[in-house]
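Enquirer: Coordinates only, no sequence provided:
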């Protein structure tokens, strides 16, 4: 018999890794879901979170459920903990990254995160790295489960035609400091200077290398600052495309995907790039090494080191044999990650909590 799950999460029309994760849980789970998400008219961060908790609390009280499942610790998990005290239903909290790597490291929000995790009957993390991080907060290991996500599917939203020719270096993600796009811009500057110093292309003729472009897909509070940095660095071939729903068409014309994060809980976009035959370069941080084996299915660079990053990007673009190796092994890597498996494992958690409560 299907369970009724009260699912508390950021959700559509928003986009991003959590939305993708939740969408696939709903798609592949055998259970039924009622979603509590943000009201669209509240945009200021503090009031958005406060309003979410207040409105969500009264909305949640009206909903019948067997299990409460929050995605992200604060405010979603905090709302879940409050509803648990009233509804007396088991609470599952899934941690996705910055709720651990950022919120859990700040004094005030760390207290809130710890409260949520203590109140949760099971804590799911999307990587072993995140599990180790919360164990340091004193969370009992027996209540923590690692359940990986999967590779995003084939769904595409038509967008403006992507017709930027040449060698395209791609970033996809939120434009926030922890994603390290400023590091990528400085690495791109190094690449351009390297090309100029040699007086010709540094790349093999297997890559269309005239011109070389940096494609930035995504939006966020750092967008204006990153545009200014690109101008300050005198970078002319940087394209800020904003949020796009047609990633597959962009991947087809991209030669390498870069994830330059300062903090990263997992790195779902790496799997999506691998699935589309694009080699990847990423910072050696967080849960990324659980996806990338350096030199086998991608290249890792030192966190924050734009010289090392530019060297790794150049290596991927210059060495055809290496590119082929990374692409081939990347396609093998994605076979280990499945949304169907994720949903099956989460369903087992739901059932175990219901059984314990009976």
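Expert: Sure, I can see it. These numbers come from a predicted model, not from an experiment.
Enquirer: Low-confidence ranges, the stretch 101-250 of the chain, go.
Expert: 153-159, 198-210 (pLDDT under 70).
Enquirer: Tell me where the stretch 101-250 of the chain has strands.
Expert: 122-125, 144-146, 167-172, 212-217, 238-242 (DSSP state E, counting those that start in this stretch).
Enquirer: With mean neighbour count as extra columns, can I get the ones you listed in CSV?
Expert: No exception for glycine: its C-beta is placed from N, CA and C like everyone else's. Converted to CSV, the strands of the stretch 101-250 of the chain look like this (neighbours: other C-beta atoms under 10 Å):
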stretch, mean neighbour count
strand 122-125, 24
strand 144-146, 18
strand 167-172, 23
strand 212-217, 22
strand 238-242, 16
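Enquirer: Any idea which of those gets closest to residue 224?
Expert: strand 238-242 (9.9 Å; C-beta to C-beta).
Enquirer: follow-up on the earlier one: between the strands of the stretch 101-250 of the chain, which one is closest to residue 79.
Expert: Using C-beta to C-beta, the nearest of the strands of the stretch 101-250 of the chain to residue 79 is strand 122-125, at 15.9 Å.
Enquirer: Give me the packing partners of the closest one, helices and strands only.
Expert: strand 91-95, helix 128-135, strand 144-146, helix 339-357 (3 or more C-beta pairs under 8 Å, 6 or more residues apart in numbering; DSSP states H and E).
Enquirer: again, only using 6 Å
Expert: Counting contacts by 3 or more C-beta pairs under 6 Å, 6 or more residues apart in numbering; DSSP states H and E, strand 122-125 packs against strand 91-95, strand 144-146.
Enquirer: Okay, now the sheet partners of the first one, with direction.
Expert: With DSSP bridges as the test, strand 91-95 is paired with strand 67-71 (parallel), strand 122-125 (parallel).
Enquirer: The shortest one too?
Expert: Within its sheet, strand 144-146 is paired with strand 122-125 (parallel), according to DSSP bridges.
Enquirer: between the strands paired with strand 91-95, which one is nearest to residue 347?
Expert: strand 67-71 (10.2 Å).
Enquirer: Okay, buried residues for stretch 300-316 please.
Expert: The neighbour-count check on stretch 300-316 (16 or more other C-beta atoms under 10 Å) flags 300-301, 303-306, 308-314, 316 as buried.
Enquirer: closest to residue 135 among those?
Expert: Distances from residue 135 to these, taken by C-beta to C-beta, are shortest for residue 303, at 21.9 Å.
Enquirer: helix/strand/coil for that closest one?
Expert: Three-state call for residue 303 (DSSP: H, G, I helix; E, B strand; the rest coil): coil.
Enquirer: From what I see, it and residue 288 are in contact.
Expert: No - taking contacts as C-beta atoms under 6 Å, residue 303 lies outside contact range of residue 288: 9.8 Å.
Enquirer: so where do the helices sit in the stretch 101-250 of the chain?
Expert: Under the criterion DSSP state H, counting those that start in this stretch, the stretch 101-250 of the chain contains helices at 107-119, 128-135, 181-198, 223-232, 247-252.
Enquirer: Let me have those in TSV, adding mean neighbour count and distance to residue 86 as columns.
Expert: Shown next, in TSV, are the helices of the stretch 101-250 of the chain (neighbours: other C-beta atoms under 10 Å; distance: least, C-beta to C-beta, whole Å):
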stretch	mean neighbour count	distance to residue 86
helix 107-119	16	12
helix 128-135	19	25
helix 181-198	19	42
helix 223-232	14	40
helix 247-252	18	41
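Enquirer: Out of these, which is closest to residue 162?
Expert: helix 247-252 (5.2 Å).
Enquirer: follow-up on the earlier one: could you dump the strands paired with strand 91-95 to TSV with distance to residue 19?
Expert: Putting those into TSV (distance: least, C-beta to C-beta, whole Å) gives the following:
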stretch	distance to residue 19
strand 67-71	9
strand 122-125	17
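Enquirer: So which of these is nearest residue 35?
Expert: strand 67-71 (10.2 Å).
Enquirer: so after that closest one, what's the next helix or strand?
Expert: Downstream of strand 67-71, the first helix or strand assigned by DSSP states H and E is helix 78-87.
Enquirer: and the helices of the stretch 101-250 of the chain as TSV, adding distance to residue 344?
Expert: Below are the helices of the stretch 101-250 of the chain laid out as TSV (distance: least, C-beta to C-beta, whole Å):
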stretch	distance to residue 344
helix 107-119	24
helix 128-135	19
helix 181-198	35
helix 223-232	38
helix 247-252	26
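Enquirer: Next, format the strands of the stretch 101-250 of the chain as JSON lines and append distance to residue 350.
Expert: Below are the strands of the stretch 101-250 of the chain laid out as JSON lines (distance: least, C-beta to C-beta, whole Å):
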{"stretch": "strand 122-125", "distance to residue 350": "9"}
{"stretch": "strand 144-146", "distance to residue 350": "12"}
{"stretch": "strand 167-172", "distance to residue 350": "31"}
{"stretch": "strand 212-217", "distance to residue 350": "34"}
{"stretch": "strand 238-242", "distance to residue 350": "37"}
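Enquirer: Of all those, which one is nearest residue 34?
Expert: strand 122-125 (19.0 Å).
Enquirer: Distance from the chain centre to that closest one, please.
Expert: 17 Å (C-alpha atoms, centre = their mean, to the nearest Å).
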